[in-house]
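K.L.:
following is a predicted model, sequence given first.
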Amino acid sequence: MTNNKHPYRAKIIPVSQGEPRPLWSVMIPTYNCAEYLRETLTSVLAQDPGAEVMQIEVIDDHSTQDDPEAVVKELGQGRVHFYRQPENVGYIRNFETCLERSRGQFIHILHSDDYVRDGFYCKLQRAFEENSEIGAAFCRHIYMDEYGHWQSISHLEKPESGIVPNWLEQIAAGQRITTPSIVVKRDVYEKLGGFDRRFSCCGEDWEMWVRIATEYPIWFEVEPLAVYRVKRLGSLTERSVKTNKLVQDMRKATEIIESYLPEYLPPTVADKLTSQARETYAGWAVETAGNLLATGDVDATVSQLQEALKCSRSARIWRWMIRVLCFAGIGWLGRKCRSMVTLNRENVVSCQDVTGH
């Protein structure tokens, strides 16, 4: 699946002959989160093999609430390059800039609120050196909250590090990789193009990892060497969870993948995987609807349920919907009743104060 001037994917031009080619390009997109950038840069610089081997660059999408350049100057000491977009271009265009400005053989896009653990670059480099046919390599990742506390760890794809068999069938059924945990060869992006521009908040990464898996074997490292921040306060993902945009984008990703998956898998297998993905993201919407109902946000709850049913109307989703809404609704009604009792008591006391009875 070559780029072929795809209308929604940037064409990634090969690096010009004669231009310096480091082994690594660590490209760090950022936007209004300089407070976390310090930890991100520190994790990379601790593993820095030198400028001839690793390009390190921060790509700022015209931040307005903080000063990432100051952090780069302080920590980078001239070692880290900083590029600022002349205007806010959006996160996917900023990713494109990362790919276009990269010069290394291997590209690591590292969000500026995530970080890597010691050994990330050495171990994934070894994977490429020992398996020239792979197009990308990824490791297990740790989920942390907005305060940096570790919460959970991603799925163990196989008991030992190595190429994952039938990886396309696994990744096509739903997102399993966070962007900071994966490294992709630059010539893979040159062949397949950049991230799809049809997304507003998420889904572009999953679609990309599926696209790569249609053409290349993928390596998996069992050690968790990347740490991903979940629902950072004010982040794009956190804001999207409160609306139905997140589920809309994941449904869109499913539809895009569904359009080309039969080229690489038997139709019955492709249909089964697509149904699994649709059911997964319908489940996301139902769970979000339950959380919203528990807070009393009925309009947002209805919107989420509508999106869930656009993803899947399977019997499993209907059962899940009834169960989640019953529990959330009972909790909400309980709080509503307690609130009304408290209000009535306050009114009684107020009347007694006025009448003296």
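P.N.:
Now that the structure is in, tell me what you want to look at. Numbers count the residues shown, from 1 in each chain.

K.L.:
contacts and neighbour counts: CA atoms only from here.
P.N.:
Fine.

K.L.:
how about stretch 255-274: buried residues?
P.N.:
Residues 255, 257, 258, 261, 270, 273, 274 are the ones in stretch 255-274 that count as buried (16 or more other CA atoms under 10 Å).

K.L.:
average pLDDT across it?
P.N.:
The average pLDDT within stretch 255-274 is 97.

K.L.:
also stretch 7-26?
P.N.:
If you average the pLDDT values across stretch 7-26, you get 96.

K.L.:
pLDDT weak spots in this structure?
P.N.:
1-4, 231-243, 328-357 (pLDDT under 70).

K.L.:
okay, now the domains of it?
P.N.:
Domains of the chain are assigned by automatic domain parsing as 24-238, 250-337.

K.L.:
still on that earlier bit, which of the buried residues of stretch 255-274 sits closest to residue 215?
P.N.:
Residue 215 lies nearest to residue 261 out of these, by CA to CA, at 11.5 Å.

K.L.:
that closest one: what's its closest spatial neighbour, skipping adjacent residues?
P.N.:
Spatially, and ignoring its direct neighbours in sequence, residue 261 is nearest to residue 270 (6.0 Å; CA to CA, 6 or more residues apart in numbering).

K.L.:
which secondary structure element contains the one you found?
P.N.:
Remark: residue 270 resides in helix 267-294, with elements defined by DSSP states H and E.

K.L.:
helices and strands around the lengthiest strand in the chain, which ones?
P.N.:
Ranked by residue count under DSSP state E, the longest strand found in the chain is strand 218-229. Other elements packing on strand 218-229 under the criterion 3 or more CA pairs under 8 Å, 6 or more residues apart in numbering; DSSP states H and E are strand 115-116, helix 120-130, strand 136-144, strand 162-163.

K.L.:
quick one, the longest one and strand 218-229 angle?
P.N.:
What that stands for is helix 120-130. On the basis of axes from the mean of the first three to the mean of the last three CA atoms, to 10 degrees, helix 120-130 is oriented at 170 degrees to strand 218-229.

K.L.:
in helix 120-130, what's buried?
P.N.:
120, 121, 124, 125, 127, 128.

K.L.:
measure the fourth one to residue 71 for me?
P.N.:
For residue 125, the distance to residue 71 (CA to CA, to the nearest Å) stands at 28 Å.

K.L.:
swap in the second one?
P.N.:
From residue 121 over to residue 71 the distance is 23 Å, taken as CA to CA.

K.L.:
helices of the chain, start to end?
P.N.:
Per DSSP state H, the chain carries helices over the ranges 34-45, 68-76, 91-101, 120-130, 167-171, 186-192, 204-213, 236-241, 245-260, 267-294, 298-311, 315-355.

K.L.:
which neighbouring elements make contact with the fifth one?
P.N.:
Going back to what we said before, that points to helix 167-171. Using 3+ CA pairs under 8 Å, 6+ apart, helix 167-171 sits against helix 204-213.

K.L.:
if you count contacts, what does the helix it packs on end up packed against?
P.N.:
helix 167-171, helix 186-192, helix 245-260.

K.L.:
dump stretch 79-94 to PDB, keeping only the CA atoms.
P.N.:
The C-alpha trace of stretch 79-94 is given here as PDB (Å, rounded to 0.1, in the frame of the first residue of the first chain):
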ATOM      1  CA  ARG A  79      22.000  19.600  22.000                       C
ATOM      2  CA  VAL A  80      18.200  19.700  21.300                       C
ATOM      3  CA  HIS A  81      16.900  21.600  18.300                       C
ATOM      4  CA  PHE A  82      13.600  23.600  18.600                       C
ATOM      5  CA  TYR A  83      11.200  24.400  15.800                       C
ATOM      6  CA  ARG A  84       8.100  26.500  16.300                       C
ATOM      7  CA  GLN A  85       5.200  26.400  13.900                       C
ATOM      8  CA  PRO A  86       4.400  29.900  12.600                       C
ATOM      9  CA  GLU A  87       0.800  29.300  13.500                       C
ATOM     10  CA  ASN A  88      -1.300  26.500  15.200                       C
ATOM     11  CA  VAL A  89      -1.600  23.800  12.600                       C
ATOM     12  CA  GLY A  90      -3.300  21.000  14.600                       C
ATOM     13  CA  TYR A  91      -1.700  17.900  16.000                       C
ATOM     14  CA  ILE A  92      -1.700  15.800  12.800                       C
ATOM     15  CA  ARG A  93       0.000  18.500  10.800                       C
ATOM     16  CA  ASN A  94       2.400  18.900  13.600                       C
END
